[in-house]
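**Q** The following comprises the amino acid sequence and a computationally predicted model.
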Amino acid sequence: MFYFVVRYLRWAARVPGFPHLFDALLLAGTCVFRRSRLAAMETLEVQALRLPGVRLKVHRFGGIEFVEQDGRELGHLHGHGLLDAAVGRQAARVLLASGRVRPHHVFPRSRWVSFQIESKADVPLALELLAMAHSTDHFH
């Protein structure tokens, strides 16, 4: 459902409140049907706050955003456990070639990558992606 909406209903992101409502529905589905994924998402949020200067806020398109003190976005976590992280173009190419991540669902040839969290076993890589985004130059 997520990919259908992103691909064919992208215009809906400009409708006030729709992205947050859609993400809340994704999160509700995760809560009901994917409890281990929800637990992993919660673990990631707690552990990401241990990175120096990282804080959480609501993402403009729904979900949780991981930001630095200066407000720069490191990544965001959608309600169904998809983490998008801004790791930098070179790191993105290496990670994509390794098969550890997927291209970003909207910007496939960018500094962004996507990683689906399924369980707590995925948290270390998700945290590594956020740490990479934390240490990378904003424009590379």
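**A** Happy to help now that I have it. Numbering: from 1, shown residues only.

**Q** CA only for contacts and neighbour counts going forward, please
**A** Will do.

**Q** What helix or strand is Ala91 located in?
**A** helix 89-98 (DSSP states H and E).

**Q** thinking Leu95 is in contact with Val101, fair?
**A** Yes - taking contacts as CA atoms under 8 Å, Leu95 lies within contact range of Val101: 6.1 Å.

**Q** neighbour count winner among the two?
**A** Neighbour tally, Leu95 and Val101, criterion other CA atoms under 10 Å: the higher count belongs to Val101, 21 against 17.

**Q** dump the residue contacts of the more buried one.
**A** 95, 113-116 (CA atoms under 8 Å, 6 or more residues apart in numbering).

**Q** Of those residues, which is the most crowded?
**A** Going by other CA under 10 Å, Val113 tops those with 29 neighbours.

**Q** isn't there a strand covering that one?
**A** Yes - inclusion of Val113 in a strand is indicated when DSSP: H, G, I helix; E, B strand; the rest coil is applied.

**Q** Does Leu49 touch Val67 like I think?
**A** No - judged on CA under 8 Å, Leu49 makes no contact with Val67 at a distance of 9.8 Å.

**Q** Got the confidence number for His138?
**A** Here, the pLDDT recorded for His138 equals 52.

**Q** before we move on, what about Val106?
**A** For Val106, pLDDT reads 88.
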